[in-house]
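Q: Let me see the structure of the following:
(chains A and B)
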Amino acid sequence: MKHTLRHESAGKQAAWRAWLQAPLPWAGILLLAAIFGMTSLRPLFAAGYPQLDRPIYLQDSFWSLTQAHLLIVLVSSSAAMLIGVLAGIGVTRRAGHEFRSLVETVVAIGQTFPPVAVLAIAAPLMGFGAKPALLALTLYGLLPILQGTIAGIESVPRAAREIAEGLGMNPRQILWHVELPLAAPVIVGGIRTSVIINIGTAAIASTVGAKTLGSPIIIGLSGFNTAYVIQGAVIVGLLAIVTDLAFEQLTRYLARWRHNPALLLRTQATQ
Amino acid sequence: MIEFHQVSKQFERRTVVDDLTLTIAQGEFTVFIGASGSGKSTTLKMINRLIEHDSGYIRFAGEEIRRFKPEEIRRRMGYAIQSIGLFPHWTVEQNIGTVPQLLKWPRTRIRERVTELLTLLHLEPEQFRQRYPHQLSGGQQQRVGVARALAADPEVLLMDEPFGALDPVTRAALQIEIARIHQLSGRTIVLVTHDIDEALRLADRIVLLDHGRIIQQGAPASFLTDPANDLVRDFVGRSDIGIKLLALEVVSHYARPGEVVAGVAISNTLSLREALSIFVERRVSSLPVVDAQGKPAGALHFADLLKPDAAS
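A: I've put the predicted structure just below:
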């Protein structure tokens, strides 16, 4: 009894230590502190930039900017994910094979076109605001997702596919139960790259009038207010780091069947 | 059970299977053997429609196989391959339960079936059920592969060089296992191999293929006593045909009952090949024999090895 208690508390301690050592919670706390505590840093920025009348960006709350920024990222990344993953699945089917190089080329062009150029063309046509920004960001984010999906599905072992067919799975079942779960870590890797790039790039949406964390940066750049630029950039940077760390956790979860030390220990214990 | 009639298959104008006619009887253990490119694997895969034949017809349970949906016919046949192809993201239990799940068996029935099969293949169920394939040795993985092929009680078991990638010890153990499963269940089994010893050990009937044609088919002993041509002779190995013949016979059919001789007894379930080895090793001309329960069962004399087939 005593023994098991000690064992349990040791386990709890280890869990706590793991939590404390994990970077994700710390980065998250830092991000929230930056969003909600930026205005309290006024003395710091006033001391650093004594020539500025207004050393803290106050036109909008950083929280509302973060929300607007995340919404743009969420919508454009979801669109890119939907198009990219579907296209990737499509061109790896037997029937879609011929379209593969065409799709890859078109998507690669979307990537090489600078988002700023897309904005310059799209804004007069679609009007100012979030719409042209969503278009530019979606196009820009497609390539890593498409490539991740194709690479992921191609990495599925031939034997797994052959046996799935031989055991009587239909094509839809092979896709859902074998190909996608096995490809998931690589697909999510592509989505991760795309979303991280998107978080940074979404700042330029403020050049066409959308409110994002880019607003303090753009206003700061045009008004020679370096403090604004830093404030916007710090939050964008932390947002990207937190998102990246969260994706890392997700990737590890999706590939859990590859390394499962807890499970291995348990089965060894029963031997 | 399975019937090929003048079946041909071409890949890019190259004939892989050429006018093949063949009947596989219910409950028979048939082994397709041949060199690489002989068409043996293609022939096997045509049975469950992984490869579609070009001409002729193939019947399964009396019906042309094209009248079944491919998925349906595959679920009625077990399938195991050399690279095993366990799904790496599924546990042993999920892997074995693949076909029952496709057939929508209730969960408890699948669980019971998995326990049954793991026990049958000498894998401790509670220890292995939750493991992932990468936590198993090659031999254990292939056992799970065989269990998966057997899961939904298929009418036919198709195996494409299932033991090709295993070391000789593990391979021999699994060969014994599959022979036992065949004896227990009386299931129709079709196995592809390029290993003549495996074919001789397991088959009721061997079908030797070359360039998509059947060169010889029949009982294992007929390949040794009556090879159709030089190719067959080369395949079974010219120099040790006698040894291989001995391997097909068991001591119990040759021992002289009631005789008592001195020495350490051998089991009457050994093959004559193993008995020969013991004769030479001990440098004796007779050996006492015991049955499976360890009771005296007579004696085997060295000269008995030369007797014509004693069983018949």
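Q: burial count for residue 101?
A: Answering for chain A, as no chain was given. 10 (other C-beta atoms under 10 Å in any protein chain shown). All C-beta spots, glycine's among them, are computed from the backbone N, C-alpha and C.
Q: switch to chain B, that's the one I care about
A: 17.
Q: Follow the chain on from the strand or helix carrying it and name the next helix or strand.
A: Using DSSP states H and E, B:Q101 maps to helix B:98-102. Using DSSP H and E, the helix or strand that follows helix B:98-102 in sequence is helix B:107-120.
Q: Whichever helix or strand comes after that next one - contacts with which helices or strands?
A: As assigned by DSSP H and E, the chain's next helix or strand after helix B:107-120 is helix B:125-128. Using 3 or more C-beta pairs under 8 Å, 6 or more residues apart in numbering or on different chains; DSSP states H and E as the contact definition, the elements that helix B:125-128 packs against are helix B:107-120.
Q: Might you quantify the distance of the helix it packs on from its chain's geometric centre?
A: On the basis of C-alpha atoms, centre = their mean, to the nearest Å, helix B:107-120 is displaced by 23 Å from the centre of the chain it belongs to.
Q: could you give the mean pLDDT of that helix?
A: Per-region confidence: helix B:107-120 scores 94 on mean pLDDT.
Q: Now that helix - C-alpha only, CSV.
A: Backbone C-alpha positions of helix B:107-120 (Å, rounded to 0.1, in the frame of the first residue of the first chain) are rendered in CSV as follows:
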residue,chain,number,x,y,z
ARG,B,107,-17.6,-6.1,-31.2
THR,B,108,-17.7,-8.9,-28.7
ARG,B,109,-17.6,-11.6,-31.4
ILE,B,110,-14.5,-9.9,-33.0
ARG,B,111,-12.8,-9.8,-29.6
GLU,B,112,-13.5,-13.5,-29.0
ARG,B,113,-12.3,-14.4,-32.4
VAL,B,114,-9.0,-12.5,-31.9
THR,B,115,-8.4,-14.3,-28.6
GLU,B,116,-9.1,-17.6,-30.3
LEU,B,117,-6.7,-16.9,-33.2
LEU,B,118,-3.9,-15.5,-31.0
THR,B,119,-4.1,-18.7,-29.0
LEU,B,120,-4.1,-20.9,-32.1
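Q: So which elements touch that helix?
A: Looks like helix B:107-120 contacts helix B:92-96, helix B:98-102, helix B:125-128, helix B:138-150 (3+ C-beta pairs under 8 Å, 6+ apart).
Q: at 6 Å what do you get?
A: Contacts of helix B:107-120 with other secondary structure elements, assessed using 3 or more C-beta pairs under 6 Å, 6 or more residues apart in numbering or on different chains; DSSP states H and E, are made with helix B:92-96, helix B:125-128.
Q: Mind putting these into CSV with mean neighbour count and mean pLDDT?
A: Rendered in CSV, the data for those read as follows (neighbours: other C-beta atoms under 10 Å in any protein chain shown; pLDDT from 0 to 100):
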stretch, mean neighbour count, mean pLDDT
helix B:92-96, 24, 95
helix B:125-128, 15, 93
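Q: I'd like those laid out as JSON lines, including distance to A:I187.
A: Listed next are those as JSON lines, based on distance: least, C-beta to C-beta, whole Å:
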{"stretch": "helix B:92-96", "distance to A:I187": "21"}
{"stretch": "helix B:125-128", "distance to A:I187": "30"}
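Q: Ok, which of the ones you listed comes nearest A:L146?
A: helix B:92-96 (30.2 Å; C-beta to C-beta).
Q: Next, the contact list for residue 207, please.
A: Defaulting to chain A. With contacts defined as C-beta atoms under 6 Å, 6 or more residues apart in numbering or on different chains, the neighbours of A:T207 are A:I218.
Q: Oops, wrong one, chain B.
A: With contacts taken as C-beta under 6 Å, 6+ apart, B:V207 has the following neighbours: B:32, B:214, B:217.
Q: Which residue does the stretch 151-300 of chain B have closest to chain A?
A: When C-beta to the nearest C-beta is the measure, the stretch 151-300 of chain B has its nearest residue to chain A at B:L158, with 7.8 Å between them.
Q: What strand or helix carries that residue?
A: Secondary structure assignment for B:L158, by DSSP H and E: strand B:156-160.
Q: Check which helices and strands that strand sits against.
A: Using 3+ C-beta pairs under 6 Å, 6+ apart, strand B:156-160 sits against helix B:40-47, strand B:77-81, strand B:188-193.
Q: Same list (the ones you listed) but as JSON lines, adding distance to chain A.
A: As requested, the helices and strands packed on strand B:156-160 are arranged in JSON lines below (distance: least, C-beta to the nearest C-beta, whole Å):
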{"stretch": "helix B:40-47", "distance to chain A": "8"}
{"stretch": "strand B:77-81", "distance to chain A": "4"}
{"stretch": "strand B:188-193", "distance to chain A": "13"}
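Q: closest one to A:L119 among these?
A: With C-beta to C-beta as the criterion, A:L119 lies closest to strand B:77-81 of these, at 53.4 Å.
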